[in-house]
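S.K.: Whatever this is, show me its structure:
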Amino acid sequence: MTTLDFFEHLNIYFNNDLPFVAYRKPNDSVVKAMLQDDAKLHYTTNFKASGFVFSPFQNKNENILFPLENCKTLKTSFEIADKTITSNSESSVSETSKQKHLDLVEKAIAEINKNTFKKVVVSRVQAQDFSKTETLSLLQKLLNTYTTAMVYCWYHPKVGLWLGATPETLLKVEGNRFLTMSLAGTQPYIDTEEVIWQAKEKEEQQLVTNFIVDSLQDNVNTLNVGQTETIKAGKLLHLRTKISGLLDPEKGLVSVIKQLHPTPAVCGLPKQNAQQFIINNEGYNREFYTGFLGEINLKQSKTRNTNRRNVENNAYATVKSVSHVFVNLRCLQIKDNQALIYVGGGITKDSIPENEWDETVAKSKTVKNLL
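M.R.: A predicted model of the protein is given here:
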(Lines give C-alpha, C1' and ligand atoms only; values in the text may rest on other atoms or scores of the structure.)
Protein backbone atom coordinates (compact mmCIF):
# COMPACT_ATOMS: atom_id res chain seq x y z
CA MET A 1 0.00 0.00 0.00
CA THR A 2 1.30 3.48 -0.79
CA THR A 3 1.96 5.85 2.09
CA LEU A 4 -0.67 8.22 0.69
CA ASP A 5 -3.34 5.48 0.73
CA PHE A 6 -2.24 4.40 4.20
CA PHE A 7 -2.72 7.86 5.71
CA GLU A 8 -6.00 8.30 3.82
CA HIS A 9 -7.35 5.18 5.57
CA LEU A 10 -6.24 6.58 8.93
CA ASN A 11 -7.91 9.88 8.12
CA ILE A 12 -11.22 8.16 7.32
CA TYR A 13 -11.21 6.27 10.64
CA PHE A 14 -10.16 9.40 12.53
CA ASN A 15 -12.91 11.53 11.00
CA ASN A 16 -15.50 8.81 11.71
CA ASP A 17 -14.44 8.47 15.38
CA LEU A 18 -13.29 4.87 14.95
CA PRO A 19 -10.37 3.44 16.97
CA PHE A 20 -6.98 2.88 15.37
CA VAL A 21 -3.30 2.69 16.09
CA ALA A 22 -0.51 3.42 13.60
CA TYR A 23 3.06 2.66 14.60
CA ARG A 24 6.60 1.92 13.49
CA LYS A 25 9.02 -0.06 15.63
CA PRO A 26 12.63 1.13 16.09
CA ASN A 27 14.98 0.92 13.10
CA ASP A 28 12.19 -0.35 10.83
CA SER A 29 10.97 1.12 7.56
CA VAL A 30 7.46 -0.37 7.74
CA VAL A 31 4.61 1.53 9.37
CA LYS A 32 1.73 -0.68 10.48
CA ALA A 33 -1.83 0.05 11.51
CA MET A 34 -4.66 -1.75 13.26
CA LEU A 35 -8.09 -0.22 12.56
CA GLN A 36 -10.88 -1.49 14.77
CA ASP A 37 -14.22 -2.07 13.07
CA ASP A 38 -16.33 -0.47 15.84
CA ALA A 39 -15.97 1.85 18.85
CA LYS A 40 -16.31 -0.88 21.47
CA LEU A 41 -13.77 -0.99 24.30
CA HIS A 42 -11.92 -4.29 24.69
CA TYR A 43 -9.65 -5.18 27.60
CA THR A 44 -7.16 -7.89 28.46
CA THR A 45 -6.04 -9.03 31.91
CA ASN A 46 -4.23 -12.27 31.09
CA PHE A 47 -2.43 -11.04 27.92
CA LYS A 48 -3.37 -14.19 26.02
CA ALA A 49 -5.29 -12.47 23.21
CA SER A 50 -3.64 -11.20 20.01
CA GLY A 51 -3.61 -7.53 19.12
CA PHE A 52 -2.29 -4.15 20.27
CA VAL A 53 -2.34 -3.30 23.98
CA PHE A 54 -2.40 0.19 25.53
CA SER A 55 -2.03 0.19 29.30
CA PRO A 56 -2.04 3.03 31.87
CA PHE A 57 0.54 3.78 34.55
CA GLN A 58 -1.70 2.99 37.49
CA ASN A 59 -4.70 0.70 36.92
CA LYS A 60 -3.45 -2.72 35.87
CA ASN A 61 -6.96 -3.99 35.09
CA GLU A 62 -7.55 -1.44 32.33
CA ASN A 63 -5.25 -2.79 29.64
CA ILE A 64 -7.06 -1.66 26.50
CA LEU A 65 -6.77 -4.05 23.57
CA PHE A 66 -7.37 -3.62 19.88
CA PRO A 67 -8.07 -7.32 19.18
CA LEU A 68 -6.51 -8.57 15.97
CA GLU A 69 -9.74 -10.43 15.11
CA ASN A 70 -11.70 -7.15 15.27
CA CYS A 71 -9.24 -5.10 13.26
CA LYS A 72 -8.31 -4.36 9.70
CA THR A 73 -4.51 -4.36 9.34
CA LEU A 74 -2.49 -2.15 7.00
CA LYS A 75 1.16 -1.51 6.36
CA THR A 76 3.28 0.74 4.20
CA SER A 77 6.96 1.40 3.62
CA PHE A 78 7.66 4.91 4.90
CA GLU A 79 10.45 6.75 3.14
CA ILE A 80 12.38 9.16 5.32
CA ALA A 81 12.40 12.64 3.80
CA ASP A 82 15.06 15.26 4.45
CA LYS A 83 15.45 15.96 8.14
CA THR A 84 12.40 17.64 9.56
CA ILE A 85 13.02 21.26 10.40
CA THR A 86 12.29 21.65 14.08
CA SER A 87 11.71 24.72 16.14
CA ASN A 88 14.37 25.64 18.66
CA SER A 89 12.29 28.36 20.21
CA GLU A 90 11.68 28.10 23.91
CA SER A 91 8.01 27.78 24.74
CA SER A 92 7.01 29.85 27.71
CA VAL A 93 6.82 27.91 30.96
CA SER A 94 5.63 29.97 33.88
CA GLU A 95 7.88 30.52 36.87
CA THR A 96 5.04 29.08 38.95
CA SER A 97 5.21 25.80 37.00
CA LYS A 98 8.96 25.68 37.35
CA GLN A 99 8.86 26.38 41.09
CA LYS A 100 6.19 23.73 41.56
CA HIS A 101 8.44 21.12 39.95
CA LEU A 102 11.50 22.25 41.92
CA ASP A 103 9.46 21.93 45.13
CA LEU A 104 8.35 18.44 44.09
CA VAL A 105 11.97 17.39 43.53
CA GLU A 106 13.00 18.86 46.91
CA LYS A 107 10.20 16.93 48.60
CA ALA A 108 11.26 13.71 46.84
CA ILE A 109 14.87 14.17 48.00
CA ALA A 110 13.65 14.76 51.56
CA GLU A 111 11.72 11.47 51.47
CA ILE A 112 14.78 9.64 50.12
CA ASN A 113 16.80 11.02 53.04
CA LYS A 114 14.11 9.60 55.36
CA ASN A 115 14.60 6.19 53.66
CA THR A 116 11.00 6.17 52.33
CA PHE A 117 12.45 5.04 48.99
CA LYS A 118 15.82 4.98 47.18
CA LYS A 119 14.56 6.52 43.96
CA VAL A 120 11.38 8.09 42.63
CA VAL A 121 10.48 9.38 39.17
CA VAL A 122 8.58 12.66 39.31
CA SER A 123 6.95 14.23 36.28
CA ARG A 124 4.97 17.18 35.04
CA VAL A 125 2.62 17.98 32.18
CA GLN A 126 3.05 20.98 29.90
CA ALA A 127 0.25 22.32 27.69
CA GLN A 128 0.68 23.89 24.27
CA ASP A 129 -1.95 24.99 21.75
CA PHE A 130 -2.49 22.37 19.06
CA SER A 131 -5.27 21.65 16.57
CA LYS A 132 -6.54 18.07 16.46
CA THR A 133 -6.74 18.37 12.68
CA GLU A 134 -2.92 18.39 12.56
CA THR A 135 -2.62 14.98 14.29
CA LEU A 136 -1.67 12.84 11.30
CA SER A 137 0.73 15.50 10.07
CA LEU A 138 2.43 15.35 13.48
CA LEU A 139 2.64 11.56 13.21
CA GLN A 140 4.48 11.91 9.89
CA LYS A 141 6.91 14.39 11.45
CA LEU A 142 7.60 11.96 14.31
CA LEU A 143 8.16 9.11 11.84
CA ASN A 144 10.51 11.27 9.84
CA THR A 145 12.51 12.47 12.85
CA TYR A 146 12.80 9.55 15.31
CA THR A 147 13.89 6.49 13.34
CA THR A 148 15.33 4.64 16.38
CA ALA A 149 12.20 5.02 18.53
CA MET A 150 8.80 3.33 18.68
CA VAL A 151 6.71 6.03 17.00
CA TYR A 152 2.93 5.78 17.31
CA CYS A 153 -0.47 7.45 17.11
CA TRP A 154 -3.20 5.76 19.19
CA TYR A 155 -6.86 6.82 19.13
CA HIS A 156 -10.04 5.62 20.74
CA PRO A 157 -13.04 7.99 20.88
CA LYS A 158 -13.96 6.75 24.38
CA VAL A 159 -10.44 7.08 25.77
CA GLY A 160 -8.37 9.69 23.98
CA LEU A 161 -5.69 10.54 21.43
CA TRP A 162 -2.00 9.89 22.14
CA LEU A 163 1.22 10.16 20.12
CA GLY A 164 4.82 9.51 21.02
CA ALA A 165 8.35 8.42 20.15
CA THR A 166 9.57 6.17 22.94
CA PRO A 167 13.11 4.76 23.14
CA GLU A 168 12.40 2.12 25.79
CA THR A 169 11.37 -1.52 25.35
CA LEU A 170 9.44 -2.91 28.30
CA LEU A 171 9.43 -6.47 26.98
CA LYS A 172 10.09 -8.28 23.69
CA VAL A 173 9.20 -11.97 23.39
CA GLU A 174 9.76 -14.39 20.49
CA GLY A 175 8.53 -17.86 21.34
CA ASN A 176 9.96 -18.37 24.84
CA ARG A 177 12.89 -15.99 24.42
CA PHE A 178 12.51 -12.59 26.03
CA LEU A 179 14.40 -9.29 26.05
CA THR A 180 13.91 -6.32 28.33
CA MET A 181 16.10 -3.36 29.21
CA SER A 182 17.14 -1.10 32.01
CA LEU A 183 17.14 2.48 30.68
CA ALA A 184 17.97 5.42 32.93
CA GLY A 185 20.26 8.42 33.18
CA THR A 186 19.99 11.35 30.77
CA GLN A 187 22.28 13.96 29.29
CA PRO A 188 22.15 16.04 26.10
CA TYR A 189 23.72 14.64 22.95
CA ILE A 190 26.47 17.01 21.78
CA ASP A 191 28.24 15.52 18.74
CA THR A 192 29.48 12.33 20.48
CA GLU A 193 28.30 9.30 22.41
CA GLU A 194 31.68 9.03 24.18
CA VAL A 195 30.67 10.84 27.37
CA ILE A 196 31.36 10.73 31.09
CA TRP A 197 28.47 9.72 33.34
CA GLN A 198 28.18 11.11 36.85
CA ALA A 199 27.62 8.98 39.97
CA LYS A 200 23.96 10.04 40.14
CA GLU A 201 23.14 8.68 36.67
CA LYS A 202 25.16 5.49 37.20
CA GLU A 203 23.42 4.78 40.50
CA GLU A 204 20.00 5.53 39.01
CA GLN A 205 20.60 3.11 36.15
CA GLN A 206 22.01 0.37 38.41
CA LEU A 207 18.94 0.56 40.65
CA VAL A 208 16.73 -0.15 37.63
CA THR A 209 18.93 -3.06 36.51
CA ASN A 210 18.97 -4.61 39.99
CA PHE A 211 15.19 -4.31 40.28
CA ILE A 212 14.55 -6.04 36.95
CA VAL A 213 16.95 -8.89 37.75
CA ASP A 214 15.51 -9.38 41.26
CA SER A 215 11.92 -9.25 39.93
CA LEU A 216 12.44 -11.72 37.11
CA GLN A 217 14.78 -14.36 38.47
CA ASP A 218 11.99 -16.38 40.11
CA ASN A 219 9.61 -15.91 37.16
CA VAL A 220 11.77 -17.01 34.22
CA ASN A 221 13.85 -20.07 33.41
CA THR A 222 17.13 -18.30 32.53
CA LEU A 223 18.41 -14.75 32.90
CA ASN A 224 21.36 -12.98 31.24
CA VAL A 225 22.54 -9.42 31.95
CA GLY A 226 24.43 -7.55 29.24
CA GLN A 227 27.00 -4.75 29.45
CA THR A 228 25.83 -1.22 30.22
CA GLU A 229 26.13 1.06 27.17
CA THR A 230 25.41 4.62 26.12
CA ILE A 231 22.63 4.98 23.55
CA LYS A 232 21.29 7.97 21.63
CA ALA A 233 17.56 8.76 21.56
CA GLY A 234 16.84 11.87 19.51
CA LYS A 235 19.02 14.61 20.99
CA LEU A 236 19.47 12.81 24.31
CA LEU A 237 21.82 10.12 25.62
CA HIS A 238 20.84 7.38 28.09
CA LEU A 239 22.46 4.44 29.85
CA ARG A 240 21.05 1.06 28.83
CA THR A 241 21.56 -2.53 29.95
CA LYS A 242 19.89 -5.35 28.00
CA ILE A 243 18.47 -8.26 30.03
CA SER A 244 17.43 -11.46 28.26
CA GLY A 245 16.58 -15.11 28.84
CA LEU A 246 13.91 -17.79 28.55
CA LEU A 247 10.35 -17.45 29.87
CA ASP A 248 8.75 -20.05 32.09
CA PRO A 249 6.00 -21.41 29.74
CA GLU A 250 3.70 -22.11 32.68
CA LYS A 251 3.82 -18.48 33.86
CA GLY A 252 3.85 -16.86 30.42
CA LEU A 253 3.78 -13.23 29.34
CA VAL A 254 1.45 -11.91 32.04
CA SER A 255 3.68 -12.79 34.99
CA VAL A 256 6.67 -10.97 33.51
CA ILE A 257 4.67 -7.85 32.63
CA LYS A 258 3.20 -7.76 36.15
CA GLN A 259 6.67 -8.00 37.65
CA LEU A 260 8.17 -5.33 35.39
CA HIS A 261 5.49 -2.66 35.22
CA PRO A 262 5.99 0.00 36.39
CA THR A 263 9.79 -0.25 36.44
CA PRO A 264 11.95 2.04 38.61
CA ALA A 265 12.79 3.90 35.36
CA VAL A 266 9.26 5.38 35.42
CA CYS A 267 8.17 4.89 39.04
CA GLY A 268 10.85 4.26 41.67
CA LEU A 269 12.17 1.85 44.24
CA PRO A 270 10.69 0.33 46.34
CA LYS A 271 7.88 0.37 43.81
CA GLN A 272 4.89 0.66 46.16
CA ASN A 273 6.27 3.53 48.24
CA ALA A 274 7.43 5.43 45.15
CA GLN A 275 4.10 4.98 43.38
CA GLN A 276 2.19 6.23 46.40
CA PHE A 277 4.39 9.32 46.57
CA ILE A 278 3.74 10.00 42.87
CA ILE A 279 -0.03 9.63 43.25
CA ASN A 280 -0.09 11.86 46.34
CA ASN A 281 2.27 14.60 45.18
CA GLU A 282 2.47 15.05 41.39
CA GLY A 283 -0.85 16.85 41.29
CA TYR A 284 -2.20 15.33 38.07
CA ASN A 285 -3.23 11.94 36.65
CA ARG A 286 -0.53 10.42 34.41
CA GLU A 287 -3.16 8.30 32.62
CA PHE A 288 -1.21 6.44 29.89
CA TYR A 289 2.07 8.31 30.33
CA THR A 290 4.62 5.79 31.71
CA GLY A 291 2.19 2.99 30.93
CA PHE A 292 3.03 0.63 28.08
CA LEU A 293 1.89 -0.16 24.54
CA GLY A 294 2.57 -2.54 21.69
CA GLU A 295 1.90 -5.80 19.88
CA ILE A 296 1.06 -8.93 21.85
CA ASN A 297 0.87 -12.54 20.64
CA LEU A 298 1.13 -11.85 16.92
CA LYS A 299 2.09 -14.88 14.83
CA GLN A 300 5.36 -14.72 12.93
CA SER A 301 6.31 -17.36 10.38
CA LYS A 302 9.91 -18.19 9.55
CA THR A 303 11.18 -20.81 7.09
CA ARG A 304 13.73 -23.25 8.44
CA ASN A 305 16.02 -23.25 5.42
CA THR A 306 16.40 -20.58 2.77
CA ASN A 307 18.57 -22.76 0.50
CA ARG A 308 16.71 -23.18 -2.79
CA ARG A 309 17.98 -26.74 -3.18
CA ASN A 310 16.36 -27.76 0.06
CA VAL A 311 12.82 -27.50 -1.31
CA GLU A 312 11.40 -30.14 0.99
CA ASN A 313 12.49 -28.35 4.16
CA ASN A 314 11.27 -25.04 2.76
CA ALA A 315 7.75 -26.41 2.97
CA TYR A 316 8.06 -26.38 6.75
CA ALA A 317 8.01 -23.10 8.61
CA THR A 318 8.22 -22.37 12.30
CA VAL A 319 5.45 -20.15 13.62
CA LYS A 320 6.30 -18.17 16.72
CA SER A 321 4.16 -15.98 18.92
CA VAL A 322 5.78 -12.54 19.07
CA SER A 323 5.12 -9.69 21.52
CA HIS A 324 6.87 -6.33 21.69
CA VAL A 325 5.69 -3.71 24.18
CA PHE A 326 7.26 -0.34 24.96
CA VAL A 327 7.18 2.05 27.91
CA ASN A 328 5.09 5.09 26.98
CA LEU A 329 7.68 7.87 27.24
CA ARG A 330 8.31 11.04 25.17
CA CYS A 331 4.60 11.23 24.53
CA LEU A 332 1.72 13.67 24.40
CA GLN A 333 -2.05 13.60 24.60
CA ILE A 334 -4.18 15.80 22.36
CA LYS A 335 -7.20 17.14 24.21
CA ASP A 336 -9.36 20.27 23.95
CA ASN A 337 -7.19 21.84 21.23
CA GLN A 338 -4.08 21.41 23.33
CA ALA A 339 -1.09 19.10 23.25
CA LEU A 340 -0.40 17.88 26.77
CA ILE A 341 3.31 17.00 26.86
CA TYR A 342 4.44 14.62 29.62
CA VAL A 343 8.02 14.64 30.95
CA GLY A 344 9.78 13.43 34.06
CA GLY A 345 13.06 12.32 35.58
CA GLY A 346 14.49 9.99 38.18
CA ILE A 347 15.33 11.46 41.58
CA THR A 348 18.02 9.98 43.85
CA LYS A 349 19.83 11.29 46.92
CA ASP A 350 22.38 13.05 44.65
CA SER A 351 19.79 14.91 42.55
CA ILE A 352 20.09 18.68 42.09
CA PRO A 353 16.59 20.24 41.60
CA GLU A 354 17.67 22.80 38.97
CA ASN A 355 19.36 20.06 36.91
CA GLU A 356 16.26 17.89 37.17
CA TRP A 357 14.17 20.76 35.81
CA ASP A 358 16.59 21.20 32.90
CA GLU A 359 16.30 17.46 32.13
CA THR A 360 12.51 17.71 31.79
CA VAL A 361 12.90 20.72 29.48
CA ALA A 362 15.30 18.73 27.26
CA LYS A 363 12.95 15.74 27.17
CA SER A 364 9.93 17.89 26.29
CA LYS A 365 11.67 18.99 23.08
CA THR A 366 11.35 15.46 21.64
CA VAL A 367 7.78 16.22 20.70
CA LYS A 368 7.39 19.95 21.45
CA ASN A 369 9.77 21.05 18.69
CA LEU A 370 7.59 19.31 16.08
CA LEU A 371 4.32 21.01 17.06
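S.K.: which stretches of the chain have low pLDDT?
M.R.: Residues of the chain meeting the criterion pLDDT under 70: 82-92, 303-317.
S.K.: who touches stretch 328-340?
M.R.: In this structure, residues lying in contact with stretch 328-340 by CB atoms under 8 Å, 6 or more residues apart in numbering are 125-132, 135, 149, 160-168, 233-234, 266, 287-293, 341-342, 363, 366-368, 371. C-beta here means a position set from N, CA and C on the backbone, and glycine is covered the same way.
S.K.: 7 Å instead?
M.R.: By CB atoms under 7 Å, 6 or more residues apart in numbering, the residues outside stretch 328-340 that reach it are 125, 127-132, 135, 160-168, 287-293, 341-342, 363, 366-367, 371.
S.K.: Would you map the strands across the stretch 51-200 of the chain?
M.R.: In the stretch 51-200 of the chain, the strands defined using DSSP state E, counting those that start in this stretch lie at 51-55, 64-67, 71-77, 119-129, 150-156, 160-166, 169-174, 177-188.
S.K.: And the last one, what's buried?
M.R.: Pointing back at strand 177-188 there. For strand 177-188, a neighbour-count test (16 or more other CB atoms under 10 Å) marks 178-187 as buried.
S.K.: Quick check: the farthest pair among those residues?
M.R.: Greatest spatial distance in those: Phe178 and Gln187, 29.1 Å, computed using CB to CB.
S.K.: before we move on, the earlier item: which members of the contacts of stretch 328-340 are classed as buried?
M.R.: Judged by 16+ other CB under 10 Å, buried ones among the contacts of stretch 328-340: 125, 130, 135, 161-168, 287-293, 341-342, 363, 366-367, 371.
S.K.: Take the residues you listed and keep only those in helices.
M.R.: 135, 363, 366-367 (DSSP state H).
S.K.: Can I get the residues you listed in TSV including distance to Asp191?
M.R.: Output for those, formatted as TSV (distance: CB to CB, whole Å):
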residue	distance to Asp191
Thr135	33
Lys363	19
Thr366	19
Val367	23
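S.K.: Which members of the residues you listed define the maximum pairwise distance?
M.R.: The span of those, defined through CB to CB, is set by Thr135 and Lys363 at 21.2 Å.
S.K.: The stretch 201-350 of the chain: helices as residue ranges?
M.R.: 252-260, 271-281, 311-314 (DSSP state H, counting those that start in this stretch).
S.K.: Tabulate the ones you listed in JSON lines, adding columns for mean neighbour count and distance to Leu18.
M.R.: Listed next are the helices of the stretch 201-350 of the chain as JSON lines, based on neighbours: other CB atoms under 10 Å; distance: least, CB to CB, whole Å:
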{"stretch": "helix 252-260", "mean neighbour count": "19", "distance to Leu18": "27"}
{"stretch": "helix 271-281", "mean neighbour count": "17", "distance to Leu18": "33"}
{"stretch": "helix 311-314", "mean neighbour count": "11", "distance to Leu18": "40"}
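S.K.: Need the ones you listed in a markdown table (columns: distance to Asp38).
M.R.: Putting those into a markdown table (distance: least, CB to CB, whole Å) gives the following:
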| stretch | distance to Asp38 |
| --- | --- |
| helix 252-260 | 26 |
| helix 271-281 | 33 |
| helix 311-314 | 40 |
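S.K.: wait, isn't Glu229 in contact with Leu237?
M.R.: No - using CB atoms under 7 Å, Glu229 is not in contact with Leu237, being 10.4 Å away.
S.K.: between these two, which one's more packed in?
M.R.: With neighbours defined as other CB atoms under 10 Å, Glu229 and Leu237 compare such that Leu237 has more, 21 against 11.
S.K.: dump the residue contacts of the more buried one.
M.R.: Taking CB under 7 Å, 6+ apart as the test, what Leu237 contacts is 187, 189, 193, 195, 230.
S.K.: of these, buried ones?
M.R.: 187, 189, 230.
S.K.: From these, pick the one nearest Ser77.
M.R.: Set against Ser77, the nearest of those by CB to CB is Tyr189 (27.8 Å).
S.K.: Distance check, that closest one against Lys202.
M.R.: 18 Å (CB to CB, to the nearest Å).
S.K.: ok, now Val122?
M.R.: Relative to Lys202, and taking CB to CB, Val122 is found at 20 Å.
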